[in-house]
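A.B. asks: quick one, fold the following:
(2 chains)
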Amino acid sequence: MTKDKRLAKRHRSEKIFKFYGLLSIFISLLFVLVLVNNIFSKGTSAFTKTVIETEVFYNQDLLDLEYGASKDEILDADFFDVTIESLLLIYPTNGLDEEKQLINLFSTDVEIEIKSKFLNNNDFIGKKVIIELTASDDIDQLHKGNYPRDLPEDRRRISDFQLKIFDKLVENGNIKKTFNNYFFTKGDSRDPELAGIGGALVGSFYSILICLLLSFPIAVLASIYLEEFAPKNRITDFIEININNLAAVPSIVYGLLALQILLSTIHLPRSTPLVAGITLALMTLPRIIIPCRASLKAVPPSIREGALAVGASKFQSVFHHVVPLALPGTLSGTIIGLAQALGETAPLILIGMVAFVVDIPSSPIDPSASLPVQVYLWSESAERGFVEKTSATIMILLSFLIVMNFLAVYLRQKFEKRWN
Amino acid sequence: MNLTLVLLIIIFSFSCFFYGRSKSRSISLENNYKLNALPKFYGYYLVLWCSLPSLVFLFVWTLFEPIVIKSIILKIAADQGLVMQDQNTANLIYEKIKAIYLGTYFGDVDNLLKQSTLSYAKFKNIFTNSKVVFVFVIVIASIIYALKKIKNNNKARDDVEIILKGLLFISSLIAILTTLGIIFSLLFESIKFFSVINIFDYLFGTNWSPQRAFVRDASTITSAEYEELKDAFGFVPLIAGTAFIALIAMLVAVPVGLFSGIYMAEYATRKVRRISKPFIEILAGIPTVVYGFFAALTVGPFFRQIGENFGLTVSSESALAAGLIMGIMIIPYISSLSDDVINSVPQSLRDGSYAIGATKSETIKKVVIPAALPGIIGSILLAVSRAIGETMIVVMAAGLAANLTINPLDSTTTITTQIVMILIGDQEFDSPKTQSAFALGLTLFVATLILNYIALRVVKKYREKYD
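C.D. replies: Numbers count the residues shown, from 1 in each chain, chains lettered A, B, ... in the order given. All right, here's what the predicted structure looks like:
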């Protein structure tokens, strides 16, 4: 082999090596894009829902209500007959089976929707009113184009008869898409069209709030001690080793800890944001202490010495001068720790947050779900409608995380002093 | 009750701050001497004296009150003729009495129980009242003591700082407490588990099917039952599955992560670095449940489809899908750590290599990587410990049945998956099935601890070499 050839070969291998590096970065970036694209393309449709415009006749005879009936009377009244009568007028049916199929086009809450409309306008009595009623999940998915209609009938959840009605309704312009308010205001449900993340949002909020209240002060105090006051001895070393190890303990182990100590030993209420918050706080603590210490360490000794030189005590030098300077780094570390806690799922499953909770929790000691657990729960459900709901929940979760991370970066870049 | 007391103490303490501050000022004006500390320190001093002793007292009291009441009530009940053969029935009777008191008991209540409930109510009342009295006495006594100290113009700042320092120290102890809590809670149940299942049957058994131990009281187990039971808790398929999925993850993450790290450290311009580094770190910030969802709903079925096209049977919960996605999750851990490590290799080593005519890639391969190898190995070990502790991806995308297999297209299960599957929903306590989850947790904890310890040691040693 001549010298030139060898050199060419070496240069070629140089290029190939560099290409591998670029390729690796490209793979990571590609995956981020594929993932985000996948989630968004599945999830955006969950923010709208399909409604069927229906003429509802609030027949006084069927309702058994007077003009100007009070709220309690309306709540007690039976709207079932009115509902059935009105729905059956949409399309001519023949026999009970077809009637049932027609009614199944609507969500299971259709009677409640008709009732609540009436509650707000009780002069509807005896009138025919056009109301947008939520369609069932199958119709919703069909209308959004997520449901294959060319399957043979016995493999479809929607019958030919229902398809016929659907096509007629589309033709008449009675089927519409509107903003899915249920998705944000309702709790979990077995019916995808009625399921929402309201409960999970509130549960996550309480959990993270408790996590913040517990972990932030303790982490800051602990890192101040370790960085500024701790004597160099065995105990301090031991604490340091402990913190580093705890930061690397798998999150599920914290779930076992919470199960054994918080639930079985001190009997805190299961499935509640309180327990979730404490568990997440224990998990987040070392993850906040580490960046806190780093930002305390970054404050140059001259600051401390300056304060001491003009007669401040050690405490005053730390709390008046060092801590305020380290605060941006501390806060951004805390926010990143909380963002991790917000996405944490495994320990919450162990403390029973997977319970099926329909109500929106009104306090941290009510059973509730949280956003990531809701993702897990819905991803296990078979109904087609839950796929878009899960993706949409992930979108909400990711947007919270992005906001938190941007806030952390902003705090650091805007307020942190560079010393050099 | 406790909450009201705590709130009262806190509110009272806050008002003490202002009182202490102005009191010390007025004392110094009256007696015409200079204070030993700034007035506000006397305020803090009073706050600490007002709140700490009473809060500590309240805490200890709340801790011991139920125990004391219980022993008193049980003694009275025994004197009155309630029969209690052993500790368990005694506990049961006490729980009954409490339930009657709270009005949540709907069974038959005989006269003796009624009597005991009355005395329970009486003692509960006495204890609550005396608690309040004690707390007030303590608050007042400590304030009087503190005021006396302030009058003597003590060095309030030093005292306050000593207490605050103690508070700081206690906060840093929380880390040790957490570790202890983890170890004890895992050990406690694991010991119970290993008292039923022989540890060797657990470590070397090749069959994992804990559902066989369903509803079985661990304390009354016959040897015939044990023969059947010992086969249900074999750890080997779990560690094999865990290691297998972690291996697939590493096969993805190590090359991609390492090359990304090298490119970032050696080739990338500032601009490329500034943009691509946060992008790669997004991968570390995505919650694992999202990866799990993606793996289970998109990647798994996708592989299955491809497999069908080639005439292969691919499980939709294949180890390959879970491992691949886990590998992608781990890329940023390896890339950013190896980036750091490579950056800290001294420039002089590279310059020496360039000087004898090596190209950049030759320098990296022959000089930089060997120099950075310990650090890189450390980062890989940390990533492995991440992989075996990772839960949601495998729970959602890997299988539930414990198969011993080396076919990546088959489904396998992992330690973390089994912990979740055993503990999800309602658990019956004292069943070996529930306890086995804690034994698995202990195994996982020890394994990750060892890996982390070695990794941190290696990285530290390496850092010292070039610092």
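
A.B. asks: may I see the buried residues of the helix or strand hosting residue A:238?
C.D. replies: Assigned by DSSP states H and E, residue A:238 belongs to helix A:234-248. Within helix A:234-248, the residues that count as buried by 16 or more other CB atoms under 10 Å in any protein chain shown are A:236, A:239, A:240, A:242, A:243, A:244, A:245, A:246, A:247, A:248. C-beta coordinates here come from the backbone N, C-alpha and C atoms, glycine included.

A.B. asks: who touches the helix or strand following that helix?
C.D. replies: Counting by DSSP H and E, the element after helix A:234-248 in chain order, helix or strand, is helix A:251-257. With contacts defined as CB atoms under 8 Å, 6 or more residues apart in numbering or on different chains, helix A:251-257 is touched by A:279, A:282-283, A:344, A:346-351, B:178, B:181-182, B:185-186, B:389, B:391, B:416, B:419-420, B:423, B:437-438, B:441, B:444-445.

A.B. asks: can you list which of those residues are found in helices?
C.D. replies: Assignment to helices by DSSP state H places the following of the contacts of helix A:251-257 there: A:279, A:282-283, A:346-350, B:178, B:181-182, B:185-186, B:389, B:416, B:419-420, B:423, B:437-438, B:441, B:444-445.

A.B. asks: mind giving me the packing neighbours of the helix or strand containing residue A:211?
C.D. replies: Residue A:211 is part of helix A:198-224 when elements are defined by DSSP H and E. Under the contact definition 3 or more CB pairs under 8 Å, 6 or more residues apart in numbering or on different chains; DSSP states H and E, helix A:198-224 sits against helix A:181-185, helix A:273-297, helix A:323-343, helix A:371-379, helix B:156-196.

A.B. asks: closest one to residue A:81 among the ones you listed?
C.D. replies: Proximity to residue A:81 (CB to CB) singles out helix A:181-185 among those, at 25.2 Å.

A.B. asks: got the CA positions of that closest one in PDB?
C.D. replies: The C-alpha trace of helix A:181-185 is given here as PDB (Å, rounded to 0.1, in the frame of the first residue of the first chain):
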ATOM      1  CA  ASN A 181     -65.200  20.700  28.000                       C
ATOM      2  CA  TYR A 182     -65.700  17.300  29.600                       C
ATOM      3  CA  PHE A 183     -62.100  16.400  29.100                       C
ATOM      4  CA  PHE A 184     -61.000  19.200  31.500                       C
ATOM      5  CA  THR A 185     -63.800  19.200  33.900                       C
END
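
A.B. asks: can you list the buried residues in that helix?
C.D. replies: Buried, per 16+ other CB under 10 Å, within helix A:181-185: A:182, A:183.

A.B. asks: count the neighbours of the closest residue to chain B within the stretch 51-200 of chain A for me.
C.D. replies: Using CB to the nearest CB, the closest approach of the stretch 51-200 of chain A to chain B is made by residue A:200 at 12.1 Å. Neighbourhood size, residue A:200 [other CB atoms under 10 Å in any protein chain shown]: 28.

A.B. asks: correct me if wrong: residue A:365 contacts residue A:270.
C.D. replies: No - if you go by CB atoms under 8 Å, residue A:365 and residue A:270 don't touch, sitting 10.4 Å apart.

A.B. asks: for the residue of the stretch 51-200 of chain A closest to chain B, give me its contacts.
C.D. replies: By CB under 8 Å, 6+ apart, the contact set of residue A:200 is A:188, A:368, A:369, A:370, A:371, A:373, A:374, A:393.

A.B. asks: and the pLDDT for it?
C.D. replies: With respect to pLDDT, residue A:200 scores 93.

A.B. asks: for residue 34, which three-state class applies?
C.D. replies: The chain I'm using is chain A. At residue A:34, secondary structure determined by DSSP: H, G, I helix; E, B strand; the rest coil is helix.

A.B. asks: my question was about chain B
C.D. replies: Going by three-state DSSP: residue B:34 is coil.

A.B. asks: excluding chain neighbours, what is closest to it?
C.D. replies: residue B:28 (6.8 Å; CB to CB, 6 or more residues apart in numbering or on different chains).

A.B. asks: so that neighbour is in which element?
C.D. replies: helix B:2-31.

A.B. asks: give the other helices and strands that the helix or strand following that helix contacts.
C.D. replies: Using DSSP H and E, the helix or strand that follows helix B:2-31 towards the C-terminus is helix B:39-80. On a contact count with 3+ CB pairs under 8 Å, 6+ apart, helix B:39-80 meets helix B:2-31, helix B:87-102, helix B:111-151, helix B:156-196.

A.B. asks: now helix B:39-80: mean pLDDT?
C.D. replies: 84.

A.B. asks: equivalent analysis for stretch B:283-296, please.
C.D. replies: Stretch B:283-296 comes out at a mean pLDDT of 92.

A.B. asks: ends of it, how far apart?
C.D. replies: Start-to-end span of stretch B:283-296 (CA to CA, to the nearest Å) is 18 Å.

A.B. asks: stretch A:369-386 now?
C.D. replies: With CA to CA as the measure, stretch A:369-386 spans 16 Å from end to end.

A.B. asks: relative to the whole chain's centre, how far out is it?
C.D. replies: 10 Å (CA atoms, centre = their mean, to the nearest Å).

A.B. asks: what about that stretch, near chain B?
C.D. replies: Yes - interface with chain B: stretch A:369-386 contributes A:372, A:373, A:375, A:376, A:379, A:380 (CB under 8 Å from any CB of the partner chain).

A.B. asks: quick one: which of those is most hemmed in?
C.D. replies: Comparing those by number of neighbours (other CB under 10 Å), residue A:375 comes first, having 30 neighbours.

A.B. asks: what pLDDT is listed against it?
C.D. replies: So residue A:375 comes in at 93 (pLDDT).

A.B. asks: okay, now the domains of chain B?
C.D. replies: The record's domain parsing of chain B by automatic domain parsing lists B:2-154, B:236-466.

A.B. asks: which bits of the stretch 101-250 of chain A sit near chain B?
C.D. replies: A:217-219, A:221-222, A:224-226, A:229-230, A:238-239, A:242-246, A:248-250.

A.B. asks: ok, back up a step: out of the helices and strands packed on helix A:198-224, which one sits most buried?
C.D. replies: helix A:371-379 (a mean of 26; mean count of other CB atoms under 10 Å in any protein chain shown).

A.B. asks: which other helices and strands does the helix or strand hosting residue A:129 contact?
C.D. replies: Element membership for residue A:129, per DSSP H and E: strand A:128-134. When contacts are defined as 3+ CB pairs under 8 Å, 6+ apart, strand A:128-134 sits against strand A:48-57, helix A:110-120.

A.B. asks: what residues sit buried inside that strand?
C.D. replies: Those would be A:131, A:132, A:133, A:134, for strand A:128-134 by 16+ other CB under 10 Å.

A.B. asks: quick one: residues in contact with that strand.
C.D. replies: A:49-58, A:106-107, A:109-110, A:113-114, A:117, A:176, A:178, A:182, A:193-194.

A.B. asks: quick revisit: what's the closest of the contacts of residue A:200 to residue A:328?
C.D. replies: residue A:371 (27.6 Å).

A.B. asks: avg pLDDT for stretch A:230-243?
C.D. replies: 88.
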